[in-house]
Every structure is written in structure tokens, then in C-alpha cells.
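Peer 1: Give the three-dimensional model of this entry:
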Amino acid sequence: MSFQQILSEVFGYAQFRGPQQAIIEHVGAGGDALVLMPTGGGKSLCYQIPAIARHQAGHGVTIVISPLIALMHDQVGALHEAGVSAAFLNSTLSGEEAYQVEQRLMRGEITLLYAAPERITTPRFLAQLDSLFERGCLSLFAIDEAHCVSQWGHDFRPEYRALTVLHERFAGVPRMALTATADDLTRADILERLQLEDARAFVSSFDRPNIRYSIVEKRDSTQQLLRFIEREHEGEAGIVYCQSRRKVEDIAQTLVDAGIKALPYHAGFDPKVRQTHQDRFLREEGIVMVATIAFGMGIDKPDVRFVAHLDMPKNIEGYYQETGRAGRDGLPAEAWMGYGLQDVVNQRRMIDESPAGEEFKQVMRGKLDALLGLAEATDCRRVRLLTYFGETSQACGNCDNCLHPPAVWDGTDAARKLLSTIYRIQQMSGISFGAGHLMDIVRGKTTEKVTQHAHERLSTFGIGANFTELQLRGVLRQLIAMGAVAVDAQAFNTLQLTEQSRAVLKGEVAVQLRESVSAPTERKSKRSTRLSTVVKAPINLDSEGLMRYSALKAWRAEIAKEHNLPAYVIFHDATLAAIAQRAPQSLDDLQGISGIGAKKLEAYAQEVLRVVALD
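Peer 2: Below is the predicted model of the structure:
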């Protein structure tokens, strides 16, 4: 079959999206490739279609390197649903099951085999690949989540470095590296580490126009999160990211207490608990997963309507990757983040205390500064985000700054007053103090601690009485981010001047800040009054269409449970909505609906027609 035929007959799509066709033709012809495509952009098809075509042409098996067991299981399940021979090798298989997969592999019965990088580089597996290579039965290597190979990436995994063996040992077998997130530095590192310098690079737009970006200053972040979910995403699936395991558990319980279906997820849970929670998130509707970044890579759930960050990530790559898990179906979704002074302090401390070399620390500080710049921005968030990835764009009209332009104020004077006070405290007391005490002095508050150290006698005492504590915290956050103030984690997060302080004190560097727009508002009443049972369709349907759509979703849930797969692997919501809208009465009526390939038509057509008839 041609690539177009595979797209239509196997996967049920009428046309390629973006650069998919060019990538597939290049790799299908045996070329190496680096593919950067946003989450939800259709990366999987870029190697699955060439794998099918090359297997049919007698080139053998495609090896997909994937770091996640859950992703392997769901992708193999989806391929089976489409009628493609696929398998995985991972720790969930028994010895006998793994042996059976290996036997099928060696007999040439598998089109795509998924395995983790640790397994790929074992002597046993390499020997099997050697045998396939010698027989000309090794078709393609697809290295998914390729940013994991780079020390500059947001999710570096050392085991990916060993994948250089593929180039050295299996010369001539095409290789493609795929990722959703990589800046120029990370891209260059991927090419060098995987020895793909001669590969053709396909870089798609990083723009996800269906995602609305909103970033707020923390006041009471838990209540802010509750208001956000209750008002904007009633009964919808979402992910909430927190930095610590303790916070994950606390926030999950708070959401449950508010009547929201929420589950916690972090690396400290027993693996069975993690798997159970992940399976529920993927298979049930309207669940909010509260998690550390241990959760998320490779999550294919298309109907995640929001991703919220209660703590600032390390860099823009991590932020983009995590927010990209919202709205994979192309429908409206939201990325919401709360940030504050403590976030900046914590992230700077983690960088400064890491055992890495100074060059690495400098790069990481630069990445953190870029993320803070995005958070503090007063112009379009999307323009800022895309600029980071080397892409120019116009104001989106959809982010919080575009919809509600914030007021801006010049914080340079406040910054100089804060720095002068840090200097005078050090001169007078010989020791440093933390942020709260510093602001008390600047604002002229006579606290017990101020009196104890006679800091009311400082010449800068009360010099900033015209500034609110919120304003001074914003200024201090900027000063820490730009390196003009250092945080000594070994001395109770006390503040110290740096070489960069001088330029600010001299007025050579301006400090511009946004005024806070995160004022608290009244919460809604308890969830008992909410309409979480209302069926929401991805397209406008009349009342009968909604009835058909609801019946189809219920039927799909039963089938998914029988097959032990997430519901979207059977059919996406958009496919069900298209069926409900068309109200098919025959097999011919189902032809051409996006997402219904030949195998699914054969397997489910009669049942779909029965359900749509509302018998």
C-alpha cells in the first residue's frame, strides 16, 4: 500500500497534517530524520506509517525506543485495534510472554516492536538485532522522546546516551529521533549524541493555538486553583503539577474534599498504586490527576482540558512539554500557572546546590530566567513562548495578557532600595537576613526582630513605605531571577548581594514589573449544585445528536473495558461526535468519517449502527 492508502485504510484519516507527508516519504525511503513536532501533532504516525510500508516491502521490523511502559501498552493496543502487528518488551511481561514475543520477532511476524532504551542495549537484545540485521530484516529505529538524550533537555536520562550503538552497529538502518520540545542547544545535543548530524531536520511550528496560557501571581494558590477548576473546567479531565510529594497528596485531598474527582501520583507510591491511578485517569472521564513531573511523558489522553502548575517548573521546555498534554484533540484547553517569590528561590537554590559544573549551572540559570520572563511578561504569552523556540508570531488574542492587558510599573527605585538595605544590614550586623525581615525594614515596620537587631536605626528603614509587600516581593523575585540577589540556602535562605547588584544600584539596569491581576474573588458554592453530568460534545449537536453521542460514549466505555484500553484508543471523541452528527443508517454512511479505518469498520460498524439507532 502507498503511504496515503495506509493513512486512510489503516488509520482512517483522509489527509496528512502539517509536515507529516514529507517526513513519512523521507523516512520511508530510508532517510534519517530529526522530527520536532508539538504534542498532539501526530508524531506517532510519522514512524508508524513508514514502519508498515517498509514491513510490507520486506524490510522487516521497526524498533521503537520508548521510555514509558504505559505508553508502550496503549500504543500497541491502538495498533492492534487498527489491525497492525505490534508488540512490546518490558518488565510487565512474564518470562514466557517475553520469549513468545522474541520468537515472533525473529520469525518476522512483528511490524513494530516497542522497548525501553535499557533493554535495547543489553547483550541479549543486541544479539537478536544482529541476527535480524544480517538477514536484512531490520527496517527502522524510531527514538521517541529524544530530548531525554540531552543534558540540556528537561528530562535527561543517561541510558539514552548508550543509543549511539545503533549508528555504530547497524549502519544503513534508517534512524529517526522524535520530540515535542527542544531549543537550539538541545537539538544540537540530540544530533551529536545520536550521531544524526547528516539527518534531515523537520521542525514544525511549536504553536498550540487551542491552548490558552494564563499565569497568575500566587496569593492563596490552593484557593486560586479551586476557583480555576470550579469556574472554568467543571467535571473535566485535567492535570495539576506540584513540586513535592507531600503537596501532591495535600492538594489531591483538598480537591476531593471540594467534590472534585482527583487522584494523587508521585514516585513515592507503590508501583501498583501508580499504575492503578494512571489507568483510572486514562480510562475514566473527568478525573483530575495531581502529580509531580514523574507523571505525564507520553500520556496520550486527548481530552485533557487543562494543565495547572502550582509550582514553577525548571524551564520553558518543561513547561511547554507539560502544558502540551492539554488539548491533544485540538479542542480548546487551558494552561494555568501560579508562581511566586518562593518558586524562584527554590529553583535558584536547586541549581546552585547541584553537583553539576558551572557551565551547566549557567545554562540552567538562563533557562530559569527565560521562564520567569514568560511569567512576568506584560505582552502576549504565546509570542514569548514561540520566540524562545526560535519562531516568530503575532499576538494571539487568547492568552491572559491579550485578553486582559496588565498595568505595568517601574520597580527600579524599589529594587535599589532593597539592595541598599541588604548592603546596610550586612554592614551593621555582619550577618544576612531573609526576605520577610528585609521587607519589614524597607517598609518601616517595627517588629520584634527589627528591634532586637536595632535595624530601625538603619538609614533605609521605612525608605519604601510607599510600596506594598506584594510589590516588593515582585521586585525581589526579579532581582533573584536576574542574579542581582543571591539566596544562601545553607543559612536559612538569607539574601546577599552579587556582582550583578552593582548595575541595578547604579540605575544602569531597569526593573519593569506587571501589576498583580490575581485578586481573590468569591468561590462558587459546593459541587452539589454543579452540572458535571452534562454531556459536552466537541462539535455542536442538536438534542437528538447529543443523545446519540452520549449512547456512543457509553458503548465505547464498555468496549474499552473489555479490551483493557483507554476509551480514546477505540474511537476519539471527535469521531463519535462526527458519527452522532451524521446519524448513519448503513455501512456506506460510515465511510469517510475521520478515525474509522478498515479494521475498525469491520470490527465495530454493526454495533455503532445499532447504538446510533437508539434501540
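Peer 1: which helix is the longest one in this protein?
Peer 2: helix 543-563 (DSSP state H).
Peer 1: Quick one: list the elements packing against that helix.
Peer 2: Other helices and strands packing on helix 543-563, by 3 or more CB pairs under 8 Å, 6 or more residues apart in numbering; DSSP states H and E, are helix 567-570, helix 573-582, helix 598-612. Every C-beta, even on glycine, is put in place using the N, C-alpha and C of the backbone.
Peer 1: lowest confidence element among the helices and strands of this protein?
Peer 2: Least confident helix or strand of the chain, by mean pLDDT, DSSP states H and E, is strand 512-514 with a mean of 75.
Peer 1: can you pull the buried residues of that one?
Peer 2: 513, 514 (16 or more other CB atoms under 10 Å).
Peer 1: what does that strand rub up against?
Peer 2: 376-378, 406-412, 471, 474-475, 478 (CB atoms under 8 Å, 6 or more residues apart in numbering).
Peer 1: just the residues you listed now: which is nearest residue 454?
Peer 2: residue 475 (25.1 Å; CB to CB).
Peer 1: How about the secondary structure of the closest one?
Peer 2: Classification of residue 475 by DSSP: H, G, I helix; E, B strand; the rest coil places it in helix.
Peer 1: Just give me the neighbour total for it.
Peer 2: Using other CB atoms under 10 Å, residue 475 has 27 neighbouring residues.
Peer 1: which ones are touching it?
Peer 2: 411, 414, 415, 418, 467, 511, 513.
Peer 1: ok, now residue 411?
Peer 2: 471, 474, 475, 478, 511, 512, 513.
Peer 1: Show me the two of these that sit farthest apart.
Peer 2: Pairwise distances across the contacts of residue 411 peak at 12.6 Å for 471 and 512 (criterion: CB to CB).
Peer 1: Between the two, which contacts overlap?
Peer 2: Jointly contacting residue 471 and residue 512 under the rule CB under 8 Å, 6+ apart are 409, 411.
Peer 1: residues contacting the nearest residue to residue 81 once chain neighbours are set aside?
Peer 2: In space, and not counting its chain neighbours, residue 81 is closest to residue 569: 6.0 Å by CB to CB, 6 or more residues apart in numbering. Counting by CB under 8 Å, 6+ apart, residue 569 makes contact with 74, 77, 78, 81, 560, 563.
Peer 1: mind checking how far residue 569 is from residue 211?
Peer 2: 23 Å (CB to CB, to the nearest Å).
Peer 1: Count the neighbours of residue 1 for me.
Peer 2: 13.
Peer 1: Check the separation of the first and last residues in stretch 162-175.
Peer 2: Criterion CA to CA, to the nearest Å; first-to-last residue distance in stretch 162-175 is 15 Å.
Peer 1: And stretch 387-405, by the same measure?
Peer 2: Using CA to CA, one end of stretch 387-405 lies 19 Å from the other.
Peer 1: how far is that stretch from where the chain is centred?
Peer 2: Relative to its chain's centre, stretch 387-405 lies at 19 Å (CA atoms, centre = their mean, to the nearest Å).
Peer 1: Could you report the separation of the residue lying closest to residue 383 once chain neighbours are set aside from residue 319?
Peer 2: Among residues not flanking residue 383 along the chain, residue 393 sits closest, at 5.3 Å (CB to CB, 6+ apart). Counting by CB to CB, the gap from residue 393 to residue 319 is 17 Å.
Peer 1: who's more crowded, these two?
Peer 2: A side-by-side neighbour count of residue 393 and residue 319, using other CB under 10 Å, places residue 319 first with 27 against 16.
Peer 1: Could you report the separation of that one from residue 178?
Peer 2: Distance, residue 319 to residue 178, using CB to CB: 20 Å.
Peer 1: Repeat that for residue 57.
Peer 2: 22 Å.
Peer 1: Tell me which of those two has more neighbours.
Peer 2: residue 178 (23 against 10).
Peer 1: residues in contact with the residue sitting furthest away from the middle of the chain?
Peer 2: Centroid-distance maximum for the chain: residue 457 at 50.3 Å, with CA atoms, centre = their mean. With contact set as CB under 8 Å, 6+ apart, residue 457 has these partners: residue 428.
Peer 1: just use 639 as the starting number from now, easier for me
Peer 2: Sure, I'll start numbering at 639, so the last one becomes residue 1095.
Peer 1: For residue 1212, see how far away it is.
Peer 2: When residue 1095 is compared with residue 1212 (using CB to CB), they lie 69 Å apart.
Peer 1: can I assume residue 900 is in contact with residue 925?
Peer 2: Yes: with contacts counted by CB atoms under 8 Å, residue 900 reaches residue 925, the gap being 7.2 Å.
Peer 1: on that earlier part again, using CSV, lay out the helices and strands packed on helix 1181-1201 together with mean pLDDT.
Peer 2: Output for those, formatted as CSV (pLDDT from 0 to 100):
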stretch, mean pLDDT
helix 1205-1208, 90
helix 1211-1220, 92
helix 1236-1250, 93
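Peer 1: Nearest to residue 773, out of the ones you listed?
Peer 2: helix 1236-1250 (28.7 Å).
Peer 1: who touches the closest one?
Peer 2: 647-648, 650, 719-721, 1186, 1189-1190, 1193, 1197, 1208-1209, 1217-1218, 1221-1225, 1228-1229.
Peer 1: Check the burial of residue 667 by counting its neighbours.
Peer 2: When neighbours are defined as other CB under 10 Å, residue 667 has 11 of them.
Peer 1: What's the separation between it and residue 830?
Peer 2: 24 Å.
Peer 1: For residue 682, which non-adjacent residue is closest in space?
Peer 2: Using CB to CB, 6+ apart, the closest residue to residue 682 is residue 713 (6.6 Å).
Peer 1: wait, that neighbour sits on residue 780?
Peer 2: No: applying CB under 8 Å, one finds residue 713 not in contact with residue 780, separated by 11.0 Å.
Peer 1: All the helices of the stretch 889-1038 of the chain, in order from the start?
Peer 2: 909-921, 954-961, 979-991, 996-1014, 1019-1026, 1038-1041 (DSSP state H, counting those that start in this stretch).
Peer 1: which residues sit against the longest one?
Peer 2: Contacts of helix 996-1014 with the rest of the structure, by CB under 8 Å, 6+ apart, involve 789-790, 823, 853, 950-955, 957, 975, 977, 982, 985-986, 989-990, 992, 994, 1019, 1022-1023, 1026, 1112, 1115-1116, 1119-1121, 1151-1152.
Peer 1: ok, of the residues you listed, which come out buried?
Peer 2: Among the contacts of helix 996-1014, those buried by neighbour count (16+ other CB under 10 Å) are 790, 823, 853, 950-955, 957, 975, 977, 982, 985-986, 989, 1019, 1022-1023, 1026, 1112, 1115-1116, 1119-1120, 1151-1152.
Peer 1: which element follows the helix or strand hosting residue 1058 toward the C-terminus?
Peer 2: Taking DSSP states H and E as the criterion, residue 1058 maps to helix 1050-1067. Sequence order places helix 1073-1081 as the next helix or strand after helix 1050-1067, per DSSP H and E.
Peer 1: Give me the buried positions along that next one.
Peer 2: For helix 1073-1081, by 16+ other CB under 10 Å, it's 1073, 1075, 1076, 1077, 1078, 1079, 1080, 1081.
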